[in-house]
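>>> okay, predicted coordinates and the sequence, questions at the end:
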Amino acid sequence: MTRMETTVLVVGGGATGVGVARDLSLRGIDVTLVERDGLASGTSGRSHGLLHSGARYAEADAVGAEECIRENEILREIAGACIRDTGGLFVQLEGDDPDYFEAKRSACEEIGIPTTSLDADAVRERVDEISAAVERAFEVPDAVIYPSRLVAANAADARDHGASIHPHAPVEDVVVSDGRVTGVEVGGTVDDRIDAEYVVNAAGAWAGELAAMAGLDVSMRPTRGVMVSVEYDGLGPVLNRCRDPDDGDIVVPHESEAVLGTTSVAVEDPDDYPKEEWEVERSVEECAEMLPPVADAPVVRTWWGVRPLYAPDEDERGGRGISRGFFRLDHADDGVENMVSVVGGKLTTYRQMAESTADLVCDRLDVGATCETADRPLPGRDDPAQLDAFVDEFDGQGPTDQDVVGRPS
């Protein structure tokens, strides 16, 4: 029987997976990527779409914050119209802890995250409908990501450099023999067994399920979060409530909408979980404490995403509010020498996650080529219509940015 063959098989078509495929293809490696439901159909396309400055994590995890600001700066250079530069404010309201505000601002300065302090009047000049309870804020270089464009542009560059991208090809089984993955059974448009020298598990919240097919234990602890997009025109910066992370503490501006979020509720199954109305109500209520008009703004759409959290890290760190780093799990340590899983992390740091993973793969394959993705612009970055054509090509439209992507200019 003739089977599909590739040097590296990447499983998972979110930002990290396509980032790995792009990175490896630019290094001259033959790559095949498979995804079950269209690119960006998992966590990447169901986020709030924030390009973090690192300020959210500054006082709790300096390393994670440094990663964010570095990747923030790289993406601004390479991603073009995948990014909307809005800036962000960390807002202190009456009753919020002033010591927390000072600690976060000081941590940003120590890390090198640019900040500008604003008094209440200056905040109102930036956001004229901000709460009357605002006391002060500081500005940081947050921005908005359009994840559908970002993922599709990475996939297009990978394809242009020889990668095979299959957006509707679910993995059905992983065959392991003598300590190696010897084949991956794939359905959908592939409907074949793929033989690969190396396998990258970038399945996000579903990484544990894929690993289990190979007899491996990757313990995930996914949590769901709701995003509520409401009609709201003209919000300038991202609004972050400057307090310990909690439900409804961020408002992300789009052109004629504002995305309110989010919650954090543990789920057993990332494919099958309740979507509770209280999450919607609480997110709107809490965000309205910063921006009162959103309390009565018409809801355009609501969606939930599932975070791909790694259970051992969650156990060690103690849950919500701590920066979620990423983990590169080399399964040679577990008896399967040609497979790696990459879990955790944030959309902002997807490129770094991909680089780290690609470095490991190249080391295992004895490939000396180095990463180019930090300096190489994404295709179509200055042409929104071309970016949106990539989204169509790879069936990559998610709810996060559907009000922007593909809309007539």
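It's in. In this text the structure is predicted, and so the values were computed from the model without any measurement.
>>> can you count the residues close to the nearest residue to V228 once chain neighbours are set aside?
Spatially, and ignoring its direct neighbours in sequence, V228 is nearest to L260 (4.5 Å; Cβ to Cβ, 6 or more residues apart in numbering). The C-beta positions use only the backbone N, C-alpha and C, and glycine is treated the same way. Residues lying near L260 (other Cβ atoms under 10 Å) number 32.
>>> look up how far V361 lies from L260.
39 Å (Cβ to Cβ, to the nearest Å).
>>> equivalent analysis for G64, please.
Counting by Cβ to Cβ, the gap from G64 to V361 is 24 Å.
>>> ends of stretch 77-94, how far apart?
Start and end residues of stretch 77-94 are separated by 38 Å (Cα to Cα, to the nearest Å).
>>> model confidence over that stretch, on average?
If you average the pLDDT over stretch 77-94, you get 98.
>>> assign V340 to helix, strand or coil.
What DSSP: H, G, I helix; E, B strand; the rest coil gives for V340 is strand.
>>> whoops, I mixed them up, D382
coil.
>>> report how many residues lie close to the closest residue to it other than its chain neighbours.
In this structure, D382 finds its nearest non-sequential neighbour in G80, 4.9 Å apart by Cβ to Cβ, 6+ apart. The number of residues packed near G80 is 20, by other Cβ under 10 Å.
>>> dihedrals phi and psi, G80?
Dihedral pair for G80: phi 50, psi -120, per degrees, to the nearest 10.
>>> do the same with the one 10 residues further on
When read as degrees, to the nearest 10, the backbone of F90 gives phi -100, psi 110.
>>> partners of it in the sheet?
F138, N240 (DSSP bridges).
>>> and V265, by the same measure?
Bridge pairing for V265 - DSSP bridges - gives R224.
>>> from what I can see it touches R224, true?
Yes - taking Cβ atoms under 8 Å as the definition, V265 is a contact partner of R224 at 5.2 Å.
>>> more neighbours: which of those two?
R224 (22 against 17).
>>> the more buried one contacts V306, doesn't it?
Yes - if you go by Cβ under 8 Å, R224 and V306 touch, sitting 5.3 Å apart.
>>> give me the common contacts of the two.
Here R224 and V306 share the contacting residues 267, 273, scored by Cβ atoms under 8 Å, 6 or more residues apart in numbering.
>>> give me the neighbour count for L347.
L347, neighbours per other Cβ under 10 Å, totals 25.
>>> for it, grab phi and psi.
phi -60, psi -40.
>>> from G14, how far out is it?
On the measure of Cβ to Cβ, L347 and G14 end up 9 Å apart.
>>> what touches both of those two?
43-44.
>>> so where do the strands sit in the stretch 301-409 of the chain?
Under the criterion DSSP state E, counting those that start in this stretch, the stretch 301-409 of the chain contains strands at 326-330, 339-344.
>>> wait, I meant the stretch 101-250 of the chain
Using DSSP E, counting those that start in this stretch, strands in the stretch 101-250 of the chain cover 116-119, 134-140, 143-145, 164-166, 171-177, 180-186, 192-201, 223-231, 238-241, 250-253.
>>> who does the last one pair up with?
So the one you mean is strand 250-253. Pairing partners of strand 250-253, with direction, according to DSSP bridges: strand 238-241 (antiparallel), strand 257-261 (antiparallel).
>>> figure out how far it is from the centre of its chain.
Its chain's average C-alpha position is 16 Å from that of strand 250-253, according to Cα atoms, centre = their mean, to the nearest Å.
>>> show the average pLDDT along it.
Strand 250-253 comes out at a mean pLDDT of 98.
>>> can you give me the end-to-end span of stretch 335-346?
28 Å.
>>> same deal with stretch 31-49?
28 Å.
>>> all helices for the chain, in order.
Listed in chain order, the helices of the chain (DSSP state H) span 15-26, 62-78, 98-111, 120-126, 147-160, 207-213, 277-290, 311-317, 350-365, 384-393.
>>> which of those helices is buried the deepest?
Compared across the helices of the chain, helix 15-26 shows the largest average neighbour count, a mean of 30 (mean count of other Cβ atoms under 10 Å).
>>> what angle sits between it and helix 147-160?
Helix 15-26 and helix 147-160 are oriented at 20 degrees to each other (axes from the mean of the first three to the mean of the last three Cα atoms, to 10 degrees).
>>> packing partners for helix 15-26?
strand 4-11, strand 31-34, helix 147-160, helix 350-365 (3 or more Cβ pairs under 8 Å, 6 or more residues apart in numbering; DSSP states H and E).
>>> what mean pLDDT does it have?
98.
>>> ok, back up a step: distance to D247 added to the helices of the chain, as JSON lines?
Output for these, formatted as JSON lines (distance: least, Cβ to Cβ, whole Å):
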{"stretch": "helix 15-26", "distance to D247": "25"}
{"stretch": "helix 62-78", "distance to D247": "21"}
{"stretch": "helix 98-111", "distance to D247": "17"}
{"stretch": "helix 120-126", "distance to D247": "22"}
{"stretch": "helix 147-160", "distance to D247": "22"}
{"stretch": "helix 207-213", "distance to D247": "26"}
{"stretch": "helix 277-290", "distance to D247": "5"}
{"stretch": "helix 311-317", "distance to D247": "18"}
{"stretch": "helix 350-365", "distance to D247": "25"}
{"stretch": "helix 384-393", "distance to D247": "30"}
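>>> how about the ones you listed, which one is nearest D403?
helix 147-160 (11.1 Å; Cβ to Cβ).
>>> for that closest one, output the C-alpha coordinates as PDB.
C-alpha atoms of helix 147-160 as PDB (Å, rounded to 0.1, in the frame of the first residue of the first chain):
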ATOM      1  CA  PRO A 147      -6.400  35.600  14.800                       C
ATOM      2  CA  SER A 148      -8.100  34.300  11.700                       C
ATOM      3  CA  ARG A 149      -5.700  36.400   9.600                       C
ATOM      4  CA  LEU A 150      -2.700  35.600  11.700                       C
ATOM      5  CA  VAL A 151      -3.200  31.900  11.500                       C
ATOM      6  CA  ALA A 152      -4.000  31.800   7.800                       C
ATOM      7  CA  ALA A 153      -1.000  34.000   6.900                       C
ATOM      8  CA  ASN A 154       1.300  31.600   8.700                       C
ATOM      9  CA  ALA A 155      -0.300  28.700   6.900                       C
ATOM     10  CA  ALA A 156       0.100  30.500   3.500                       C
ATOM     11  CA  ASP A 157       3.800  31.100   4.100                       C
ATOM     12  CA  ALA A 158       4.300  27.400   5.200                       C
ATOM     13  CA  ARG A 159       2.400  26.300   2.000                       C
ATOM     14  CA  ASP A 160       4.500  28.600  -0.200                       C
END
